[in-house]
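Enquirer: What follows is a predicted structure for the sequence shown.
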Amino acid sequence: MFSGTVPPELGGLVNLENLTLSGNYLTGELPPALTNLTGLKELRLSSNNFTGRIPDFIQSWKQLDTLEIQAGGFTGPIPLNISVLTTLTDLKISNLLGDGSEFPHLESIKGIKYL
């Protein structure tokens, strides 16, 4: 039941491996300070009221195996640099706002099990 924006101070938790913010009333854009979470393995942002696009800085999270963004309020398209997240096994992105977009190339994500 959290509301408001994601605090940029979360970017200081550089050892964080799992960040679940799903099922809240979070708004605004993700703060660029989250770029520092390079050890993230699991990120869940579903069921919120975020604005803007899924940020390009997702490419910093190269350890991610799970990325879930369903009905998060984000506008498409899915960033093309998602293909650098080669350790993903579970990718769930749905209900992006805006016009349709080209499906990103995922050939480099060899171990993907759930799409």
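Expert: Ah, there it is. Numbering: from 1, shown residues only.
Enquirer: could you show me where the strands are in the protein, in order?
Expert: Per DSSP state E, the chain carries strands over the ranges 3-5, 18-20, 25-28, 42-44, 49-50, 66-70, 90-94.
Enquirer: Please tabulate those strands in a markdown table, including the columns mean neighbour count and distance to G76.
Expert: (Glycine included, C-beta is placed from N, CA and C.) As requested, the strands of the chain are exported to a markdown table (neighbours: other C-beta atoms under 10 Å; distance: least, C-beta to C-beta, whole Å):
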| stretch | mean neighbour count | distance to G76 |
| --- | --- | --- |
| strand 3-5 | 11 | 21 |
| strand 18-20 | 14 | 22 |
| strand 25-28 | 15 | 18 |
| strand 42-44 | 19 | 18 |
| strand 49-50 | 18 | 13 |
| strand 66-70 | 19 | 11 |
| strand 90-94 | 16 | 9 |
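Enquirer: will you turn those strands into CSV that also has distance to S60?
Expert: Putting the strands of the chain into CSV (distance: least, C-beta to C-beta, whole Å) gives the following:
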stretch, distance to S60
strand 3-5, 19
strand 18-20, 13
strand 25-28, 19
strand 42-44, 11
strand 49-50, 18
strand 66-70, 13
strand 90-94, 17
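Enquirer: Mean pLDDT and distance to K113 for those strands - can I get that in a markdown table?
Expert: Output for the strands of the chain, formatted as a markdown table (pLDDT from 0 to 100; distance: least, C-beta to C-beta, whole Å):
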| stretch | mean pLDDT | distance to K113 |
| --- | --- | --- |
| strand 3-5 | 97 | 33 |
| strand 18-20 | 97 | 18 |
| strand 25-28 | 97 | 28 |
| strand 42-44 | 97 | 14 |
| strand 49-50 | 96 | 26 |
| strand 66-70 | 96 | 10 |
| strand 90-94 | 95 | 7 |
